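Student: Return atomic coordinates for the entry below.
(one chain, ligands or ions: 2)
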Amino acid sequence: MGSNTVTDQVWPRTADWAGGELRLGGLGVRELAAEFATPVYVLDEDDFRARCAAWMGAFPDGDVHYGGKAFLAPAVVGWLRELGLSLDVCSGGELAVARRGGMPAERVVFHGNNKSVAEIRDAVRWGIGCIVLDSFQELERVADIARAFGVRQAVMIRVKPGVDADTHASWATGGENTKFGLSMASGEAAEAVRRVLAEPALDLVGLHSHIGSQIFDLDSFATAAHRMVGFLREVEKENGVTIGKLDLGGGLGVPYLPGEKTAPTPAELAEVLGAVVPPDMRIALEPGRSVVGPTTVAVYEVGTVKGRFISVDGGMSDNPRPATYGAAYTAVVASRASDAAPETFTIVGKHCETGDILVDGVDLPGDVRPGDLLAIPCSGAYQRSAASNYNLLPRPPVVAVRDGAARTIVRRETEEDLLRLYV
Ligand SMILES: Cc1ncc(COP(=O)(O)O)c(C=O)c1O
Ligand SMILES: N[C@@H](CCCC[NH3+])C(=O)O
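Tutor: Numbers count the residues shown, from 1 in each chain. Ligands and ions are numbered 1, 2, ... in the order given. Model (predicted):
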């Protein structure tokens, strides 16, 4: 463990080491921690932009909608806008951030299995590009609201393609046994197509499916695409219409651990889909994790070392993934070099639960001590966006680094923020 190396795929593009210190975007973590305090999420903006560009390059004739649920901030919306991506939102809150970030309404798609009437009204009033219908009740609601505003609302229908992708059960959404979408197999989805086509206030622009998240197997995407293409052609024929767009959702996985299998690239996904989807069908994709996950490094300060337990200044409130899903991470001592022999440690947070573990077993220099900075890579997706105030910890900031400059894009919560809701 003499000198750290950043040769592995889990680190963002601009990560490097100087004298045992991790540098991101040209800035050392010690300097970042001194300026922004810890815990802090450091986002490599060049890496984010490069990942967006890779998606755009892989689907030059399609649409890339960033899955905002993975991580969203007005600054991120600005980058997406500039780079030509569209944006998926799944709540009124995400919609508000899209708006704050200046995303044109027509480039925003609204998802969710239970959008409220208020959310739908707000979206339609704003002129949202598309609403993805998830149930018959919602179909009626959106039609009523569009009629009331005197507009014809563009919609897609979310279809269950009947594909059980190989991933954590909580993240698999393409099978019959999921709350999302309408079943292709039972005829529900075909009935939804008929009802939308019969409704003058709705404009059916495409069909949508999303088989789940953190998926490495491109065959699952191919199978879903194959079923969706077949279904789309079938309903086109039955109804004598053309449905231009096939939105195949997000879900491409990323490696969290050194040496883990590499993730398929957007280009590889495009190649697989290109063999299944006819060229006259416009493809849309909704990558979230594969855009933002690897861009961000979580930096914590060690507070205590007790036997094999290293306690840091965050925990399950800023990263609920290990406690919720048993998600595995790696970590390094990022603030100094050490020649001490490695020992296996468990990195824990400061919450009142034994399950408050961030990294369950990682080799670190045996002389790790209070004041050291630990860096956990691949911390960009479903962490800050899923953070809570459990035990009334303020949620950490997200700092974007680029070319030797750092700027806060989400600030740290303060005690005042925590107290503001109490009446
Ligand atoms: C409809 C939809 N689109 C896109 C995504 C983004 O998925 P991921 O972050 O796995 O790419 C999700 C989340 O799984 C989703 O539910
Ligand atoms: N929250 C999950 C992903 C959920 C996918 C959202 N549609 C995770 O941490 O990996």
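Student: Can you dump the C-alpha atoms of stretch 97-107 in CSV for me?
Tutor: What follows is stretch 97-107, C-alpha atoms only, in CSV (Å, rounded to 0.1, in the frame of the first residue of the first chain):
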residue,chain,number,x,y,z
VAL,A,97,-35.2,21.2,-10.8
ALA,A,98,-35.4,20.7,-14.6
ARG,A,99,-37.2,24.0,-14.8
ARG,A,100,-34.7,25.8,-12.5
GLY,A,101,-31.9,24.4,-14.6
GLY,A,102,-33.4,25.8,-17.8
MET,A,103,-34.2,22.6,-19.6
PRO,A,104,-36.7,23.4,-22.4
ALA,A,105,-40.1,21.8,-21.5
GLU,A,106,-40.2,19.9,-24.8
ARG,A,107,-37.1,18.0,-23.8
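Student: Could you pull up the mean pLDDT of that stretch?
Tutor: Across stretch 97-107, pLDDT averages out at 98.
Student: which residues sit against that stretch?
Tutor: Here stretch 97-107 makes contact (C-beta atoms under 8 Å, 6 or more residues apart in numbering) with 68, 72-78, 80-81, 85-87, 89, 108, 126-129. In this view, the C-beta of every residue, glycine as well, is placed from N, C-alpha and C.
Student: Residues contacting the helix of greatest length in the chain, please?
Tutor: Identified as the longest helix of the chain according to DSSP state H is helix 218-239. Here helix 218-239 makes contact (C-beta under 8 Å, 6+ apart) with 159, 161-163, 165-166, 174, 184, 189-190, 193-194, 197, 207, 209, 211, 215, 241-243, 246, 248, 251, 264, 268-269, 272-273, 275-278, 281.
Student: Now the element after it, going C-ward?
Tutor: Using DSSP states H and E, the helix or strand that follows helix 218-239 in sequence is strand 245-247.
Student: I'd like the distance from that next one to the chain centre, please.
Tutor: 20 Å (C-alpha atoms, centre = their mean, to the nearest Å).
Student: which strands and helices sit next to the next helix or strand after that strand?
Tutor: Note on strand 245-247: by DSSP H and E, the next helix or strand toward the C-terminus is helix 266-274. Applying 3 or more C-beta pairs under 8 Å, 6 or more residues apart in numbering; DSSP states H and E, one finds that helix 266-274 contacts helix 45-58, helix 218-239, strand 282-285.
Student: Distance-wise, check the residue most central in space within the chain relative to Phe110.
Tutor: With distances taken as C-alpha atoms, centre = their mean, Ala70 lies nearest the centre of the chain, 2.2 Å away. Distance of Ala70 to Phe110, computed by C-beta to C-beta, to the nearest Å: 16 Å.
Student: Sweet, I'm off.
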